[in-house]
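Asks: Quick one, fold the following:
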Amino acid sequence: MDLVRHLRLFVAVAEHRHFGRAAASLSMAQPPLSQGVQRLERHLGQRLFDRDARRVALTAPGSALLPAARQLLADADALVESSRRWSERRCVRLGLAADLDTLAGPVLAHLVGTGIDVEPVLTGSTELVGRLRDGDLDVVLVRHPVALDGLLTGDVITVSAAVVPDHDDLPLVLPPRSHHPAAHDQVVDALLRLGRLAPVHEIASAQERSVRVEAGLASGLRPTQEQDVQDGSADMVPLRYRAAVPVISEQRPDLDHAAVVSALHEALR
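Replies: Next comes the predicted model:
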């Protein structure tokens, strides 16, 4: 658990005595705020607020926690501010959807070429969003659609992907549906509309998917850098991606999140 983040949610509610106003002050939706406070209560084993239809009031444990929480947040903010002087170059903790496959290298190379230092993490979109919410990542590029409530998002970018090799008798290897359920279902539906009835094998490892395709044991989807897939391109499947960052109050003050998102868009296009 990101204790500092959850204490920040607690302090906002304690100061506003209203979940809706607290959420607005943090530039986030109310449901993630309420869920975050509930997680903090479970973590501490204490009920921090009395809630009813008309009011939100601190409990005795909540009142005891408030000054300590404010001090801890002040110390954390001071630490972040002082850390700006520790290094001239700051690394972006960047999460990329693992099924970028052949696009992952060019995307990272583009960011590095624009002077952005990155520490990449490649995994499923669902996990990436969770790690972004927990404060483990700064920016993520995920498959769309995926639940991004309470986060700031960029435009949806569509790239086209070809079935390679184009043999109907070969199974198609894809990342597991659990990586991004809605996006996975959209791809399978698109393949069915194209008349492709080959079975889909779900394989987590991008390397294993690549090996199977190169060995002629399976077909795979290979993204290209063509944007805005045309309906007349019968052998192409649209893959949609979207960048996301934390709300402004939870962003690293030493990092230009918007610049990283812009560079990601340029790389995909």
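Asks: For the closest residue to M1 other than its chain neighbours, which residues are in contact?
Replies: Setting aside the residues directly before and after it, M1 is nearest to H43 in space (CB to CB, 6 or more residues apart in numbering), at 5.6 Å. From N, CA and C alone the C-beta is placed, and that goes for glycine too. By CB atoms under 8 Å, 6 or more residues apart in numbering, the residues touching H43 are 1, 3, 6.
Asks: SS state for H43?
Replies: Following DSSP: H, G, I helix; E, B strand; the rest coil, H43 is assigned to helix.
Asks: on that earlier part again, and the contacts of H43, which is closest to V213?
Replies: Closest approach between the contacts of H43 and V213, by CB to CB: M1, at 39.8 Å.
Asks: ok, back up a step: looking at the contacts of H43, which is nearest G105?
Replies: Closest to G105 out of the contacts of H43 is M1 (33.8 Å), distances taken as CB to CB.
Asks: Quick check: that closest one vs L128, distance?
Replies: 18 Å (CB to CB, to the nearest Å).
Asks: Looking at these two, which is more packed in?
Replies: A count of neighbours by other CB atoms under 10 Å puts L128 above the other of M1 and L128, at 28 against 12.
Asks: Make sure the more buried one is actually in contact with P120.
Replies: No: because the distance of 11.0 Å does not satisfy CB atoms under 8 Å, L128 is recorded as not touching P120.
Asks: Overlap of the contact sets of these two?
Replies: Contacts common to L128 and P120, judged by CB under 8 Å, 6+ apart, are 95-96.
Asks: Show me which helix runs longest in the chain.
Replies: Longest among the helix segments of the chain by residue count, using DSSP state H, is helix 60-83.
Asks: Buried residues of stretch 109-123, list them for me.
Replies: Buried positions in stretch 109-123, judged by neighbour count with 16 or more other CB atoms under 10 Å: 111, 116, 118, 121-123.
Asks: between those, which is nearest R209?
Replies: Nearest member of those to R209, counting by CB to CB, is L122, at 12.7 Å.
Asks: so the closest one sits in a strand?
Replies: Yes: assessed by three-state DSSP, L122 belongs to a strand.
Asks: partners of it in the sheet?
Replies: Legend: beta-bridge partners of L122 under DSSP bridges are L96.
Asks: hmm, back to that, can you list contacts of the longest helix of the chain?
Replies: So helix 60-83 is contacted by 4, 7-8, 10-11, 14, 44, 46-49, 58, 252-254 (CB under 8 Å, 6+ apart).
Asks: and if we set it to 6 Å?
Replies: Outside helix 60-83, the residues within contact range by CB atoms under 6 Å, 6 or more residues apart in numbering are 4, 7-8, 10-11, 14, 46, 48-49.
Asks: want to try a markdown table for these, with distance to R212, secondary structure and pLDDT as columns?
Replies: What follows is the contacts of helix 60-83, written out as a markdown table (distance: CB to CB, whole Å; DSSP: H, G, I helix; E, B strand; the rest coil; pLDDT from 0 to 100):
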| residue | distance to R212 | secondary structure | pLDDT |
| --- | --- | --- | --- |
| V4 | 43 | helix | 90 |
| L7 | 47 | helix | 93 |
| R8 | 46 | helix | 94 |
| F10 | 49 | helix | 94 |
| V11 | 51 | helix | 94 |
| A14 | 54 | helix | 93 |
| Q46 | 52 | coil | 92 |
| L48 | 51 | coil | 93 |
| F49 | 53 | strand | 93 |
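Asks: Just put those residues in JSON lines and tack on distance to P238 and neighbour count.
Replies: Conversion of the contacts of helix 60-83 to JSON lines gives the following (distance: CB to CB, whole Å; neighbours: other CB atoms under 10 Å):
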{"residue": "V4", "distance to P238": "39", "neighbour count": "17"}
{"residue": "L7", "distance to P238": "42", "neighbour count": "20"}
{"residue": "R8", "distance to P238": "38", "neighbour count": "19"}
{"residue": "F10", "distance to P238": "42", "neighbour count": "26"}
{"residue": "V11", "distance to P238": "43", "neighbour count": "17"}
{"residue": "A14", "distance to P238": "46", "neighbour count": "21"}
{"residue": "Q46", "distance to P238": "48", "neighbour count": "14"}
{"residue": "L48", "distance to P238": "46", "neighbour count": "22"}
{"residue": "F49", "distance to P238": "45", "neighbour count": "19"}
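Asks: Right, I'll leave it there.
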